[in-house]
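Student: Predicted coordinates and the sequence they were generated for:
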Amino acid sequence: MNIEDIREYCIAKPAVTEELPFGPDTLVFKVGGKVFLLVGLDQVESLSFNVKCDPDIAVELRLNYPETVIPGYHMNKKHWNTVYCNRQLPDERLRMFIDDSYALVYNSLSKAVRESIAYY
């Protein structure tokens, strides 16, 4: 998985926006104005991205895939994971992490915001 794969996968989801709110080096994907994925554009050696995760599942993933999933870099370590691409897990599993993050954030939105997205 490369950065273009991540970008294309994220923007294909309903009502996703992409922004650079932290400067030109960090691409942020949001749904309903809330972040579900961050990826550094300046990564050279090993591509990684940050995604939201259920706290109990986050701990399990870190234990099972210590070379691939770590506590979220510069994020709330309880709710965010940093996931490295091209290590222990296939791309399909990485896409599942993105899907789960999107769903967590989408489901946390107010009913009014979710309904406005449904008609987006």
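Tutor: It's in.
Student: I'd like to know how many residues surround the residue nearest to residue 72 when sequence neighbours are not counted.
Tutor: Leaving aside its sequence neighbours, residue 72 sits nearest to residue 80 (Cβ to Cβ, 6 or more residues apart in numbering; 2.9 Å). No exception for glycine: its C-beta is placed from N, CA and C like everyone else's. By the criterion of other Cβ atoms under 10 Å, residue 80 has 21 neighbours.
Student: Same check on residue 99?
Tutor: When neighbours are defined as other Cβ under 10 Å, residue 99 has 14 of them.
Student: Tell me how many other residues surround residue 63.
Tutor: Neighbourhood size, residue 63 [other Cβ under 10 Å]: 9.
Student: Then residue 66?
Tutor: Neighbours of residue 66 using other Cβ under 10 Å come to 10.
Student: Same question for residue 17.
Tutor: Residue 17 has 12 neighbouring residues, counting by other Cβ under 10 Å.
Student: For the nearest residue to it once chain neighbours are set aside, which three-state class applies?
Tutor: For residue 17, ignoring the flanking residues on the chain, the nearest one in space by Cβ to Cβ, 6+ apart is residue 30 at 5.1 Å. Secondary structure state of residue 30, per DSSP: H, G, I helix; E, B strand; the rest coil, is strand.
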